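> Structure here, sequence nowhere to be found:
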């Protein structure tokens, strides 16, 4: 309950966070706001940097979506737990490399045990795994509920665009793209069984540019025809 109460007020976002991630040194000095004179993406050149094609576009989307989905929670957590000071930003570090500058707001409704976030991120060589690096801008609109003292995402809409390098190379623009979650708040895989994908609320699209190839798609397939029963997402 205390965790919920701490989130009730609108968060007018905090100071630059100077914590380290798994022992990595903070990439900014104490007097730097960060990123204004830096390239968004400089890392990842030593990876395979596969060009995205018709054959691998869904696999690439799945990998990118997983990272973008997880990144939201890193940013939202920093805003919820860090000190707040109007007009400044929160910095989060990638577990493996790089960082992101986060601005935005969070609101919470105690009566309905619900929350919502609107976040803007600038990414600088951000990577949680070392397999893929991101640089550029992302915006999130997300809402969810607190269930048994657990934060469960119900809706996440992503806009803006980032470059990526490492496992794949190119850029992706999120066109009001919804990242769907199950009843436990986990991202639904593009390769989930048809009985689950049948009930995914498809919204928006992504535009990928890679090695001269360009694709605009919603990677979640449309499942036509009847299904045997509604899916059990494993919720309480």
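Perfect, thanks for sending it. No experiment lies behind these values; they were computed from the predicted model shown.

> Now do the contacts for residue 142.
Neighbouring residues of residue 142 by C-beta atoms under 8 Å, 6 or more residues apart in numbering: 72, 76, 116, 117, 119, 153, 155, 156, 157. C-betas here are computed from N, CA, C, even on glycine.

> min pLDDT across the residues you listed, which one?
Among the contacts of residue 142, residue 153 carries the weakest pLDDT, at 83.

> which residues in this protein form strands?
Per DSSP state E, the chain carries strands over the ranges 50-51, 90-93, 97-109, 114-127, 132-147, 150-166, 168-178, 205-210, 213-217.

> Identify whichever of the ones you listed lies nearest to residue 194.
strand 213-217 (18.1 Å; C-beta to C-beta).

> Run through the neighbouring helices and strands of that closest one.
Packing partners of strand 213-217 (3 or more C-beta pairs under 8 Å, 6 or more residues apart in numbering; DSSP states H and E): helix 57-81, strand 205-210.

> Take these and write them to JSON lines, including distance to residue 188.
Formatted as JSON lines, those follow (distance: least, C-beta to C-beta, whole Å):
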{"stretch": "helix 57-81", "distance to residue 188": "10"}
{"stretch": "strand 205-210", "distance to residue 188": "15"}
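
> what number of residues lie near the residue lying closest to residue 162 once chain neighbours are set aside?
Counting by C-beta to C-beta, 6 or more residues apart in numbering, residue 136 is the residue found nearest to residue 162 once chain neighbours are left out, at 3.5 Å. With neighbours defined by other C-beta atoms under 10 Å, the count for residue 136 comes to 19.

> I'd assumed residue 40 was in contact with residue 136.
Yes. The pair residue 136 / residue 40 is scored as a contact, 5.1 Å apart, by C-beta atoms under 8 Å.

> overlap in contacts of those two?
The contact lists of residue 136 and residue 40 share 122, 123, 162, 163, where a contact means C-beta under 8 Å, 6+ apart.

> Between those residues, which sits nearest residue 63?
residue 162 (13.1 Å).

> hang on, the closest one packs against residue 139?
No. Using C-beta under 8 Å, residue 162 is not in contact with residue 139; the gap is 10.9 Å.

> Neighbour count: those two, which is higher?
residue 162 (26 against 17).

> what stretches of this protein score poorly on pLDDT?
Low-confidence segments of the chain, defined by pLDDT under 70: 1-38, 80-88, 110-112, 227-236.

> ok, 50 please
For the chain, the stretches with pLDDT under 50 are 1-37, 83-87, 234-236.

> just the strands of the chain: most buried one?
Comparing these on average neighbours per residue, with mean count of other C-beta atoms under 10 Å, the densest one is strand 90-93 at a mean of 25.

> for that one, packing partners?
Contact analysis of strand 90-93 by 3+ C-beta pairs under 8 Å, 6+ apart lists helix 57-81, strand 97-109 as its packing neighbours.

> picking up where we left off before, ok, which of the helices and strands packed on strand 213-217 comes nearest residue 171?
strand 205-210 (5.0 Å).

> Residues contacting that closest one, please?
By C-beta under 8 Å, 6+ apart, strand 205-210 touches 51-53, 57, 60-61, 168-175, 177, 214-219.

> what do you get if the cut-off is 6 Å, keeping everything else the same?
With contact meaning C-beta atoms under 6 Å, 6 or more residues apart in numbering, strand 205-210 is reached by 51-52, 170-175, 177, 215-218.
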